[in-house]
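Participant: quick one, what's the 3D model for this:
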Amino acid sequence: METISVYFAVDNVMAVPLAVTIESILASKAPDTHLDLHVLSCGIWGTSKAAISKMVGKRADITFHELGRDIYRRLDALWLGTARAVPPAVFARLVAGSVLPARVRRAIYLDVDIVVRRDLQPLWKEADAGAPIVAVIDLPNDRRSASILENLSVTDRDAYDLRADTPYFSAGVLVLDIEVQRAGAETAIIEIMRRNPNLKFADQDALNAYFAGRVSLTDPRWNQMEAAYWDLAPERQPHDAEAIEQIRDDPHLIHYTGRPKPWMRGCTHPRLAEWNTAFARTPWAKSFRMPAREAATYVQRAARVGRRRLQRLVWSS
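Facilitator: Next up is the predicted model:
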């Protein structure tokens, strides 16, 4: 039986979306697939962990790894030094090499604004060719590699094989060689972020810089982003008409990259019903009302962003 390791990195604000993503994976897995799930936790409540573990049951193995104080402080400092007002948990995906058990040598990373529609084995096998990272090209194609170069230090421009025309990938769905992360990639990527605080998409830009020229780009149906439904100008669309049709009509994985998110009021995503179907199978389906979920999300995130802005003000004074 094939064992597939999958990991996530979240705080308690995203516990419900995490449950939805996990439930969609479990509902889509083939009988001969064994899932080894890992959650890099930045303070997920014990009640949330228990509810998700009970939901998973015997369908997969799941382990919650509460990040140690040293790692969390490192992520918090990294967060404080970047241009993005996002919680430190966003950057926790970068420390998988330090947190995951030694037996995990390869892992799929997934954001939690995702619904999986296919068994993950084909995506898992994409890494058999030996690439240190497997990903999907980002949408829209806005020459983001050129933007990274504009904000990258001379040291980093010289160190990495990034060019203005290098394909730019989304970091929301990745297959990572965890041994490569442990061997120095993890530290190097964090250092890129530390040295270049003006990167627009801090961790995603740093990943693109570090792995430039070594990325295996896979079937875009493994990361259907919201921009797949936009009428993009040719220079912003990296896919031909046939591929676009396949991405829209038969995605292997739906990535709700826009806003509002499915758990927020006003979401009009064409595939919102699929998120709602997976949500209905989670422990929160009857006990959590949408307005309450939305309010909790906004209040907690607003507090984090406010704290961050205050810290940046003090730090720069």
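
Participant: going forward, measure contacts between C-alpha atoms and count neighbours the same way
Facilitator: OK.

Participant: low-confidence regions, this structure specifically.
Facilitator: For the chain, the stretches with pLDDT under 70 are 83-85, 288-317.

Participant: now the helices: where do they sit in the protein?
Facilitator: All helices of the chain, identified by DSSP state H, fall at 15-28, 46-56, 69-80, 96-99, 121-125, 144-151, 154-159, 178-180, 186-195, 202-210, 241-249, 272-279, 290-316.

Participant: could you dump those helices into TSV with distance to F169 and mean neighbour count added?
Facilitator: Listed next are the helices of the chain as TSV, based on distance: least, Cα to Cα, whole Å; neighbours: other Cα atoms under 10 Å:
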stretch	distance to F169	mean neighbour count
helix 15-28	21	22
helix 46-56	30	15
helix 69-80	21	16
helix 96-99	19	20
helix 121-125	16	16
helix 144-151	9	18
helix 154-159	18	12
helix 178-180	18	19
helix 186-195	15	19
helix 202-210	7	23
helix 241-249	16	14
helix 272-279	24	18
helix 290-316	26	13
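
Participant: T166 is nearest to which of these?
Facilitator: Of all the helices of the chain, helix 144-151 sits nearest to T166, with 6.1 Å by Cα to Cα.

Participant: identify the residues contacting that closest one?
Facilitator: With contact meaning Cα atoms under 8 Å, 6 or more residues apart in numbering, helix 144-151 is reached by 157, 162-168, 196, 198-200, 205, 208-209.

Participant: could you check the angle that helix makes with helix 202-210?
Facilitator: 100 degrees (axes from the mean of the first three to the mean of the last three Cα atoms, to 10 degrees).

Participant: ok, S216 touching A135?
Facilitator: Yes: S216 is within contact range of A135, at 6.4 Å (criterion: Cα atoms under 8 Å).

Participant: please identify which of those two sits among more neighbours.
Facilitator: Legend: neighbour count by other Cα atoms under 10 Å for S216 and A135, higher for A135 (24 against 19).

Participant: which residues touch that one?
Facilitator: A135 touches 169-171, 173-175, 215-218, counting by Cα under 8 Å, 6+ apart.

Participant: can we see that at 10 Å?
Facilitator: Applying Cα atoms under 10 Å, 6 or more residues apart in numbering, we find A135 in contact with 123, 126, 168-176, 215-220, 222-223.

Participant: pretty sure N276 contacts M264?
Facilitator: No: in this structure N276 lies outside contact range of M264 using Cα atoms under 10 Å: 11.6 Å.

Participant: L75 and A92, how far apart?
Facilitator: Separation of L75 from A92 (Cα to Cα, to the nearest Å): 7 Å.

Participant: how close does the closest residue in space to T33 that isn't next to it in sequence get to K125?
Facilitator: Closest residue to T33 apart from its sequence neighbours, by Cα to Cα, 6 or more residues apart in numbering: E2 at 5.2 Å. Distance, E2 to K125, by Cα to Cα: 10 Å.

Participant: and for A183?
Facilitator: Taken as Cα to Cα, the span from A183 to K125 is 22 Å.

Participant: cool, D165 as well?
Facilitator: As for D165, its distance to K125 is 27 Å (criterion: Cα to Cα).

Participant: kindly report the same for V173.
Facilitator: For V173 relative to K125 (Cα to Cα), the value is 14 Å.

Participant: likewise N141?
Facilitator: For N141 relative to K125 (Cα to Cα), the value is 26 Å.

Participant: and what of V175?
Facilitator: Distance of V175 to K125, computed by Cα to Cα: 9 Å.

Participant: likewise V6?
Facilitator: Separation of V6 from K125 (Cα to Cα) stands at 13 Å.
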